[in-house]
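Peer 1: sequence and predicted structure below; questions after.
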Amino acid sequence: MIPFEIASVFEGFGQPIVLLHAFPLSHKLWEKVKVKDYYLTIKPDFPGFGLSPLTGPEFTLSDFVKGLEAHLTDQNIEKPFVLAGISMGGYSAFEYVRQFPEQVQKLILISTRAGVDKPEGRENRLKMAEKIEKDGISGLADTMIPGLLGKTTLSQKPQVVERVRGWINQTSPAAVALAQRAMAARRDQNDLLPALKAKVAVFAGREDTLIPCSEAEAMAKVIPGCQLKIFDQAGHLIPIEAPKEFQKSLEEFLEY
């Protein structure tokens with residue numbers, strides 16, 4: 001495994017809940033999420049994003065979750081804990097559960113999928129990595145925002161659009177390339193679904209054009225005892241597009 005460092009933001013005290021962010025964002029994606037006082041919220045940043053320093057090339061999601069486990073152990077985080085991941089964070093959450101199944105009590109999968117990219121999708125990730133390394137971050141927000149946010153947010157919530165734009169514009173080109181290559185190389189996790197022992201919730205946005213909610217519905221049918229929540233007026237980034245509804249659904253699942 002490539003040596004690297006993970007930085008996290010910690011809030012509160014109590015039962016741990018680990019929140020893994022989406023690409024190409026950071027722990028700031030969770031800024032509207034305020035878990036009840038008896039939870040310790042842990043918001044790690046993927047290498048090169050937010051507070052985490054960049055690591056070297058040839059980095060995989062498997063490397064990341066091994067580093068995440070070491071980071072949580074170093075911080076004396078009580079296990080098993082609640083794990084939630086959105087989009088890229090969901091891919092990492094699947095890999096974490098594969099490697100450390102006994103560490104996760106509850107699992108929340110948000111705007112994500114268990115399968116790998118189609119060949120053209122994988123190729124697009126690799127092309128983006130090369131382009132960003134060559135040309136820099138300029139234009140990435142314009143390219144990604146129409147997919148990251150639902151039509152309701154795009155038309156009615158300009159402040160959310162600008163917040164996401166600002167976050168993307170602060171992202172390191174090298175981090176974007178690193179994450180895209182790691183996601184392009186990720187393994188298929190569909191075999192995990194029927195064998196998951198943790199309590200699982202799947203959250204999806206009805207206006208998500210990156211990962212249609214039909215995929216979430218199909219995934220939820222395979223996971224034993226899975227809870228499914230579709231957010232009608234949200235796209236890919238549910239925690240900031242529908243923060244009150246997301247908060248309510250999160251709290252209901254945590255109490256389940």
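Peer 2: Now that the structure is in, tell me what you want to look at.

Peer 1: which residues touch stretch 130-138?
Peer 2: For stretch 130-138, contacts defined as C-beta atoms under 8 Å, 6 or more residues apart in numbering pick out 140, 168-169, 171-174, 176-177, 180. C-beta here means a position set from N, CA and C on the backbone, and glycine is covered the same way.

Peer 1: how about 10 Å then?
Peer 2: With contact meaning C-beta atoms under 10 Å, 6 or more residues apart in numbering, stretch 130-138 is reached by 24, 139-140, 143, 168-178, 180-181.

Peer 1: which parts of that stretch are buried?
Peer 2: With burial defined by 16 or more other C-beta atoms under 10 Å, the residues of stretch 130-138 counted as buried are 131-132, 137.

Peer 1: and the helix or strand hosting Leu68, what's its mean pLDDT?
Peer 2: Using DSSP states H and E, Leu68 sits in helix 61-74. Per-region confidence: helix 61-74 scores 96 on mean pLDDT.

Peer 1: which elements pack onto the following helix or strand past that helix?
Peer 2: The element immediately downstream of helix 61-74 (helix or strand, assigned by DSSP H and E) is strand 81-86. Packed against strand 81-86 by the contact rule (3 or more C-beta pairs under 10 Å, 6 or more residues apart in numbering; DSSP states H and E) you find strand 15-20, strand 39-44, helix 88-99, strand 104-110, strand 199-205, helix 238-241, helix 243-254.

Peer 1: how far is strand 81-86 from where the chain is centred?
Peer 2: Distance of strand 81-86 from its chain centroid, counting by C-alpha atoms, centre = their mean, to the nearest Å, is 9 Å.

Peer 1: what does stretch 124-137 give?
Peer 2: 21 Å.

Peer 1: all set, thanks.
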